[in-house]
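Participant: Predicted coordinates and the sequence they were generated for:
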Amino acid sequence: MLVQGATPWNPRRLLGRLTQCGFDPRRGSSWQVPTPARGYSAAGTDEGERPRTVTTAVSAPSGFGFASHLFCRECGATSALGASHACAECFGPLEVGYELPPVTRARIEAGPASIWRYASLLPVPQDVAARPNTEPGWTRLARTDQLARELGLRALWLKDERGNPTHSFKDRVVAVALAAAVEMGYKVLACPSTGNLANAVAAAAARAGIRSVVLIPADLEPQKIAATAIYGGAMVPIEGTYDDVNRLASELADDREDWAFVNVNVRPYYAEGSKTIGYEIAEQLGWRLPEQIVVPVASGAQLVKIDKAFRELIELGLVADTKYRVFGAQATGCSPVAAAFRAGYDVVQPVKPATIAKSLAIGNPADGPYVLDVVRRTGGAVADVGDDEVVHAIRMLAATEGIFGETASGVTLGVLRRLLTDGLLDPGAETVIINSGDGLKTLDAAASGGPAGTAAIRPTLEAFEAWESARAA
Ligand SMILES: Cc1ncc(COP(=O)(O)O)c(C=O)c1O
Ligand SMILES: [Zn+2]
């Protein structure tokens, strides 16, 4: 049985995070450095330490399954499961901890072909699969040999998140948030979104028969706006960046008692949904971990949770404890985590985004410091590429593998190429990349500077041959 504790106490980073929030240590303040919570022992020596494993009696699952408590990522204070997302001691982000039962490969393999095959590792009721939901997950892990050859890589797989109900990985996190929100009595499903989350929230709420309200930056891609509006919930375009939208959502979350903003006041539960990407990759590789993985970074939650999933699988004895390296991918026009990585900082300086990769355009990423922890602990890196390289990578993936990814996918593949060029990624190691969303939702970006020769021709052999010779020339 596995009981998860907190990441160990790290006052250095907490001070840095407060500085980022406007706290000036030189001016002083009445704010006190909190002591670690009673009952929490600072086992381990650094923030990258694994969750502690101890043996306990397993209690019967609650409406949150085998999740047993929340704990603060910064100071380790624990609290009861419920509708809180910030630590009462230090305002650090809260994380879900579990008292897991023994879990076997066979039991997981006998489960549904969706994220619910891992229900016992998520903070959800154990009958969750039987409730109306979008049944996301169990997307294919495609072996991409032609792309690998082009890149000079020995073995490359692509986790194709287009296979989800609204065509991005966001269906996973929303399904988990919805189940927890219903359990906590919330009546409305809401979010601030860079696009894909809005699609997923509107669809999941429609399926569950509850109201949805999504807030989006007004300049989102038209396909993402249309693909949200179709579900009939409330959609509110906001003048400003995603970070402005997010601030408004935080104020509303305080004001509207029965609204579950999935990535704000329900964030500890929501973020757990991304663990399922990591579980699936390991299971689909034949119950083992890849040697390298490249993950797109906006808030950073996906990357942090894939790492959490890998560590849980090791702790549970479901995979061998093999070394893996995690790499983060950002667009240069919104690369605060890559910049912090390069500079050797463990805090992230917010930026104003300017990139075609709008789904990744979060200038002040909530999980930025934890992304830095993960990549440094595993020997990875965070890097960025410009918009031209993003478009180039989208085309390369489509042309070599028949997979049309969105701009975030272009960022991920573009960064993989950059890491190879810079010698940071081992071409001989087995590598996985995440194709987190669908190119049909970012058509304009992919078409920019697009292929010529799309003018119509007359329906004659002569016209066709003329077109052929023009093309050859
Ligand atoms: C397609 C796509 N990929 C990746 C991400 C990054 O996710 P995270 O915020 O968990 O870093 C997003 C976030 O919106 C997204 O829409
Ligand atoms: Zn705390």
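Facilitator: All right, it came through fine. Ligands and ions are numbered 1, 2, ... in the order given.
Participant: Assumed Leu81 was part of a strand.
Facilitator: No. Under the criterion used here (DSSP: H, G, I helix; E, B strand; the rest coil), Leu81 is coil, not part of a strand.
Participant: What count of nearby residues applies to it?
Facilitator: Leu81 has 21 neighbouring residues, counting by other C-beta atoms under 10 Å. Backbone N, C-alpha and C define where each C-beta goes, glycine included.
Participant: so what's it up against?
Facilitator: Residues in contact with Leu81, defined by C-beta atoms under 8 Å, 6 or more residues apart in numbering, are 62, 64, 67-70, 96, 123.
Participant: burial count for Leu285?
Facilitator: The number of residues packed near Leu285 is 15, by other C-beta under 10 Å.
Participant: any idea how far it lies from ligand 1?
Facilitator: Distance, Leu285 to ligand 1, by C-beta to the nearest ligand atom, to the nearest Å: 21 Å.
Participant: Could you verify my assumption that that residue touches Arg143?
Facilitator: No. Counting by C-beta atoms under 8 Å, Leu285 does not reach Arg143; the two are 10.2 Å apart.
Participant: Common neighbours of those two, please.
Facilitator: Common contact partners of Leu285 and Arg143 (C-beta under 8 Å, 6+ apart): Trp157.
Participant: Most neighbours among the contacts of Leu81, which one is it?
Facilitator: Greatest neighbour count in the contacts of Leu81, by other C-beta under 10 Å, goes to Pro123: 27 neighbours.
Participant: in the stretch 201-350 of the chain, which spans are helices?
Facilitator: For the stretch 201-350 of the chain, the helices defined by DSSP state H, counting those that start in this stretch occupy 222-229, 242-255, 267-272, 275-284, 301-315, 336-343.
Participant: What helices and strands are in contact with the fourth one?
Facilitator: Put plainly, it is helix 275-284. If contacts are counted by 3 or more C-beta pairs under 8 Å, 6 or more residues apart in numbering; DSSP states H and E, helix 275-284 sits against helix 105-109, strand 141-143, strand 156-160, helix 301-315.
Participant: Over to the last one?
Facilitator: Using 3+ C-beta pairs under 8 Å, 6+ apart, the elements in contact with helix 336-343 are strand 325-331, helix 368-378, strand 382-385.
Participant: And for Ala175, the neighbour number?
Facilitator: As a burial measure, Ala175 scores 30 neighbours (other C-beta under 10 Å).
Participant: Around ligand 1, which positions in the stretch 251-400 of the chain sit nearby?
Facilitator: Contact residues (C-beta under 6 Å from any ligand atom) of the stretch 251-400 of the chain with ligand 1: 296-302, 359-360.
Participant: Columns neighbour count, distance to Ala119 and pLDDT on top of those residues, output as TSV?
Facilitator: Supplementary listing: these in TSV, determined by neighbours: other C-beta atoms under 10 Å; distance: C-beta to C-beta, whole Å; pLDDT from 0 to 100:
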residue	neighbour count	distance to Ala119	pLDDT
Pro296	29	26	98
Val297	32	27	98
Ala298	30	26	98
Ser299	24	24	97
Gly300	27	25	98
Ala301	23	20	98
Gln302	29	20	98
Ser359	29	27	96
Leu360	30	29	97
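Participant: of those residues, closest to Thr442?
Facilitator: Closest to Thr442 out of those is Ser359 (7.7 Å), distances taken as C-beta to C-beta.
Participant: Surely the closest one touches Gly195?
Facilitator: Yes. In this structure Ser359 lies within contact range of Gly195 using C-beta under 8 Å: 5.2 Å.
Participant: what's the weakest-modelled helix or strand in the chain?
Facilitator: Lowest on mean pLDDT, DSSP states H and E among the helices and strands of the chain sits helix 11-20, with a mean of 43.
Participant: For ligand 2, what is the nearest residue in the stretch 151-300 of the chain?
Facilitator: Of all residues in the stretch 151-300 of the chain, the one sitting closest to ligand 2 is Pro268 (12.7 Å; C-beta to the ion).
Participant: Give me the phi and psi for the nearest residue to that residue once chain neighbours are set aside.
Facilitator: Of all residues not flanking Pro268 in the chain, Leu94 sits nearest, at 4.7 Å (C-beta to C-beta, 6 or more residues apart in numbering). Main-chain dihedrals, Leu94, degrees, to the nearest 10: phi -90, psi 150.
Participant: mind listing what's buried in stretch 393-411?
Facilitator: 393-394, 396-398, 400-401, 403-411 (16 or more other C-beta atoms under 10 Å).
Participant: Can you pull out the low-pLDDT segments for the stretch 351-473 of the chain?
Facilitator: 448-453 (pLDDT under 70).
Participant: So which bits of it are right by ligand 2?
Facilitator: For the stretch 351-473 of the chain, no residue is in contact with ligand 2 (C-beta under 5 Å from the ion).
Participant: where do the helices sit along the stretch 351-473 of the chain?
Facilitator: Remark: helices assigned in the stretch 351-473 of the chain by DSSP H, counting those that start in this stretch are 368-378, 387-401, 407-421, 443-447, 461-472.
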